[in-house]
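Enquirer: Could you look at this predicted model? Sequence included:
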Amino acid sequence: MTSPLPTAPDPAGDHPTEPLAGVSLLTAAVTAVTGLAVAFGAHLSAGQAATIVAAVGAVGSLAVWLWGRRKVWSPASVATLLAARGPRRQP
C-alpha cells in the first residue's frame with residue numbers, strides 16, 4: 001500500500017529562492033506584449049484586447065497556483081504532514 005503523504009522535496013536538490021518568479025514574469029510579459037501590440041497598431045479591437053488580457057490573467061493565475069503547489073510548502077502543510085506521519089523513532 002502506498003503512503004498517503006506526498007514525497008518531500010530533496011533538501012540537497014536545487015531550490016530557487018523565488019520559485020514563482022518565472023511563471024509570474026511570463027504572465028506579466030504576455031499581458032504587456034498584448035497591450036503594446038494593440039497600442040502600436042495590431043488589428044485588434046479594444047474588446048478583443050481586453051478579452052486576451054483577461055484570458056491571460058486567468059490562465060496565468062491558474063499557472064501560478066499550479067506551479068506554486070508543486071514548489072512551495074506552507075507551514076500548515078508541513079505541520080499536517082508531520083502530524084500524519086506520527087512520532088519519529090530514535091535510531
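Expert: Arrived safely. Numbers count the residues shown, from 1 in each chain.
Enquirer: For Ile52, which non-adjacent residue is closest in space?
Expert: In this structure, Ile52 finds its nearest non-sequential neighbour in Thr34, 5.1 Å apart by Cβ to Cβ, 6 or more residues apart in numbering. Where you see a C-beta, it was placed from the backbone N, CA and C, and this is true even at glycine.
Enquirer: Tell me which residues touch that neighbour, please.
Expert: Counting by Cβ atoms under 8 Å, 6 or more residues apart in numbering, Thr34 makes contact with 49, 52-53, 56.
Enquirer: what does Ala28 give?
Expert: Gly60.
Enquirer: Neighbour-wise, give me the winner out of the contacts of Thr34.
Expert: Within the contacts of Thr34, most neighbours by other Cβ atoms under 10 Å means Val56, with 20 neighbours.
Enquirer: Starting from Phe40, give me the distance back to Ala76.
Expert: Ala76 is 46 Å from Phe40, where distance means Cβ to Cβ, to the nearest Å.
Enquirer: Mind jotting down where the helices sit in this protein?
Expert: 21-39, 46-71, 75-85 (DSSP state H).
Enquirer: now the shortest one, how far from the centre of its chain.
Expert: Going back to what we said before, that points to helix 75-85. In terms of Cα atoms, centre = their mean, to the nearest Å, the centre of helix 75-85 is found 21 Å from the chain centre.
Enquirer: Quick one: list the elements packing against that helix.
Expert: Of the remaining helices and strands, none touches helix 75-85 by 3 or more Cβ pairs under 8 Å, 6 or more residues apart in numbering; DSSP states H and E.
Enquirer: Kindly export it (C-alpha atoms) in CSV.
Expert: C-alpha atoms of helix 75-85 as CSV (Å, rounded to 0.1, in the frame of the first residue of the first chain):
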residue,chain,number,x,y,z
PRO,A,75,4.0,25.8,7.4
ALA,A,76,0.4,24.4,7.8
SER,A,77,1.0,21.8,5.1
VAL,A,78,4.3,20.7,6.7
ALA,A,79,2.6,20.5,10.2
THR,A,80,-0.2,18.4,8.8
LEU,A,81,2.2,16.0,7.0
LEU,A,82,4.3,15.7,10.2
ALA,A,83,1.3,15.0,12.3
ALA,A,84,0.0,12.4,9.9
ARG,A,85,3.4,10.7,9.9
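Enquirer: Nothing else from me, thank you.
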